[in-house]
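Enquirer: I would like to see how this sequence folds:
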Amino acid sequence: GEENILCQGEDLGLDLSFGAWGQFCPVTLAEKDKLVKGDSKKFAVAFNGNLYAFLGEKERAKFLENPTKYISAKGPQLPSKGYLVAVSTQSSDNKMKNLANEHAERAVKEYDWKKYQNAAEATEAA
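Expert: Residues are numbered from 1 along each chain as shown. Below is the predicted model of the structure:
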């Protein structure tokens, strides 16, 4: 399909929202394995209907050279280390328990995250 690229945050003048990457710089995530918020006022690009924010001009220029190198249909690949997500499922609401477990299983399967039964177990492994 044909790609549609527009630059500059304030000058876009379009009703766009951030895609799966949110306000995080996709170039910094891909190259440095770090989640860093981009500057959507100074360094933004509208690409195929979504808004992307970048750390600086260097990152934005790299993205413009080859957008699909930094974003994929698979979505953002979160950094491989340093994240602990705690989900309490002590609710009597089974829907909430099922939703939390569903998301946990997805993170384990899709992002190769580790699953622990409690905080002590996770802290020990860290």
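Enquirer: and the end-to-end length of stretch 33-42?
Expert: 23 Å (C-alpha to C-alpha, to the nearest Å).
Enquirer: Now do Ala61 against Gly75, distance only.
Expert: Per C-beta to C-beta, to the nearest Å, Ala61 is found 23 Å from Gly75. Placement of C-beta: from N, CA and C, glycine included.
Enquirer: what comes up buried for the helix or strand that contains Glu31?
Expert: Per DSSP states H and E, Glu31 falls inside helix 26-32. Residues of helix 26-32 classed as buried by neighbour count (16 or more other C-beta atoms under 10 Å): Pro26, Val27, Thr28, Leu29, Ala30.
Enquirer: Adjacent strands (with direction) for whatever helix or strand comes next after it?
Expert: Heading C-terminal from helix 26-32, the first helix or strand you meet, by DSSP H and E, is strand 44-47. For strand 44-47, sheet partners with direction are given as strand 5-7 (antiparallel), strand 50-53 (antiparallel), following DSSP bridges.
Enquirer: mean pLDDT lowest for which of the ones you listed?
Expert: The weakest mean pLDDT among the strands paired with strand 44-47 belongs to strand 5-7, with a mean of 60.
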